[in-house]
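> I'd like to go over a predicted model; first the sequence, then the structure.
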Amino acid sequence: MNQHVNARTPISHALLAMPVMGMLTSLAFAGGGGAQPAPAPYGWGKAVVWGANWSGQTTVPADLGPVMQVAAGGSHTVALKSDGTVRGWGDNSDGQVNIPSNLGQVIQVVAGNNFTVALQSGGTVRAWGSNEFGESVVPPDLGTVLQVAAGGDHVVVVEAGGTVRAWGLNDFQQSDVPGDLGTVTQVAAGSWHSVVVVSGGTVRAWGRNDSQQSAVPGDLGTVMRVAAGYDHTVALESAGTVRAWGSNDVGQTDVPVDLGQVIQVAAGYNFTVALQANGAVRAWGLNDYGQTAVPSDLGVATQIAVGCVGYHGVAIAATAGELASHITGNTAALSDCEAATTVATTQGTTRGRGDVNDDGAVGQQDLQQLLRHWGPNSAAENTGDLKEISRSVKAALKEIKRSRRPG
């Protein structure tokens, strides 16, 4: 068994990363002449965890506070706070939640079966926890990294210098990166397979294929983002639709026909989770530990995460009021986090009046819709100018308050 390898493939884009300064970090890619990949999914709010809790992985620390990104491992959970620090809880049998004391400022965290990986703001990678297959041994010649993904026992990263690297368990060649991938815009890692989105929206997969998890459908549309589970794969198409393939023994690839427009997908041990554009979370597949029973009081979700070998789901969520307070209370910081590549051209007058959904009334649903589409690092990925967004939110809040006055 080949347990520890390093593989490379060309890539041609550069990372534009804003520093984490008590607010949200924005990741964007530019250059290369190809389509820009979707920015990393960040949110803001409280961490909500459900499903299996045999190691305390769903017991969120009471003093955690607001977070901007979450990750789920086999039996542990990790959160990235807006100040760039990391917290972990749950199973610690291999030290996977022992955050290194000298860990620098972090911009992304991912979790494997019994290990954790962090991408630091300078593009360096740190890993800790289990190292049975070399999964926590970061190659010493690794370049500046843009993005990380953790599988069951292997890691896949994208380097700024033009390469994709993989290391760790390789018994199904999940760490043998094909040399003809072209420009890669996103990576995902399952239990024993790896998946990437290539510039232009095509998908490539390699590694274990006993359940056809690496057999990309020929009629797949243009894809923005992929997720890899235990032995199935999920893709988010550019239209907001979801496709899934691979094992379906408990319905994990049976995408609900009434699923709304989706903005993020995640795949776990025989179950799938989707974050809809309206902030609602849907899950399907195995439910023996309540992993597909999304809490009814979740609130407005801004990010989701599932471990490819995990039995629990994680989300970042907040009420509309909490999100509004966060946005309008950080007007100065918003200008520092301006990572949008285009300025919105659809800021109609109805948004300024507060009646965002044009139903003739102004209320919390309008604010939720506004925040979901235009909040900082929202699921819509900041497609509008953040200063204008802040002004729009303030206008909506003012109108909502005025509409509730008696008489």
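Perfect, I can see it now. Numbers count the residues shown, from 1 in each chain.

> pLDDT of stretch 73-83, averaged?
For stretch 73-83, mean pLDDT rounds to 94.

> now stretch 137-155: buried residues?
Neighbour-count burial for stretch 137-155, counted by 16 or more other CB atoms under 10 Å, picks out 138-139, 142-143, 145-155. All C-beta atoms are positioned from the backbone trio N, CA, C, and that covers glycine.

> any weak-confidence spans in the stretch 251-400 of the chain?
Applying pLDDT under 70 to the stretch 251-400 of the chain flags residues 320-321, 323-400.

> in strands, which of the buried residues of stretch 137-155 appear?
Applying DSSP state E to the buried residues of stretch 137-155, the entries found in strands are 145, 146, 147, 148, 149, 150, 154, 155.

> nearest to residue 216, of these?
Using CB to CB, residue 149 comes nearest to residue 216 of these, at 16.9 Å.

> quick one: that closest one from residue 173, how far?
Relative to residue 173, residue 149 is positioned 16 Å away (CB to CB, to the nearest Å).

> give me the low-pLDDT residue ranges for the stretch 51-200 of the chain?
Scanning the stretch 51-200 of the chain for pLDDT under 70 picks out the ranges 161-162.

> can you do 90?
68, 82-84, 107, 121-122, 144-146, 158-164, 182-186, 198-200 (pLDDT under 90).

> which stretches of it form strands?
Using DSSP state E, counting those that start in this stretch, the strands of the stretch 51-200 of the chain run over residues 67-72, 76-81, 86-90, 106-111, 115-120, 125-129, 145-150, 154-159, 164-168, 184-189, 193-198.

> of those strands, which is nearest residue 49?
For those, proximity to residue 49 was assessed by CB to CB; strand 76-81 is nearest, at 5.8 Å.

> now do that closest one against strand 125-129, angle only.
Interaxial angle, strand 76-81 versus strand 125-129 (axes from the mean of the first three to the mean of the last three CA atoms, to 10 degrees): 150 degrees.

> from what I can see residue 275 touches residue 261, true?
No. Residue 275 is beyond contact range of residue 261, at 10.3 Å (criterion: CB atoms under 8 Å).

> more neighbours, the two?
residue 275 (24 against 12; other CB atoms under 10 Å).

> tell me which helix or strand that one sits in.
strand 271-276 (DSSP states H and E).

> same check on residue 322?
Per DSSP H and E: helix 320-328 holds residue 322.

> rewinding a little: which helix or strand lies directly C-terminal to the strand holding residue 275?
Following strand 271-276 in sequence, per DSSP H and E, is strand 281-285.

> adjacent strands (with direction) for the helix or strand following that next one?
Toward the C-terminus, strand 281-285 is succeeded by strand 300-306 as the next helix or strand (DSSP H and E). Note on strand 300-306: by DSSP bridges, its sheet partners are strand 312-318 (antiparallel).

> C-alpha coordinates for the partner strand, CSV please?
Extracted in CSV, the C-alpha atoms of strand 312-318 (Å, rounded to 0.1, in the frame of the first residue of the first chain):
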residue,chain,number,x,y,z
HIS,A,312,-23.0,14.9,12.1
GLY,A,313,-23.8,18.2,10.3
VAL,A,314,-22.6,21.7,11.1
ALA,A,315,-23.9,25.1,10.1
ILE,A,316,-23.3,28.7,10.8
ALA,A,317,-26.6,30.4,11.5
ALA,A,318,-28.0,33.6,12.9
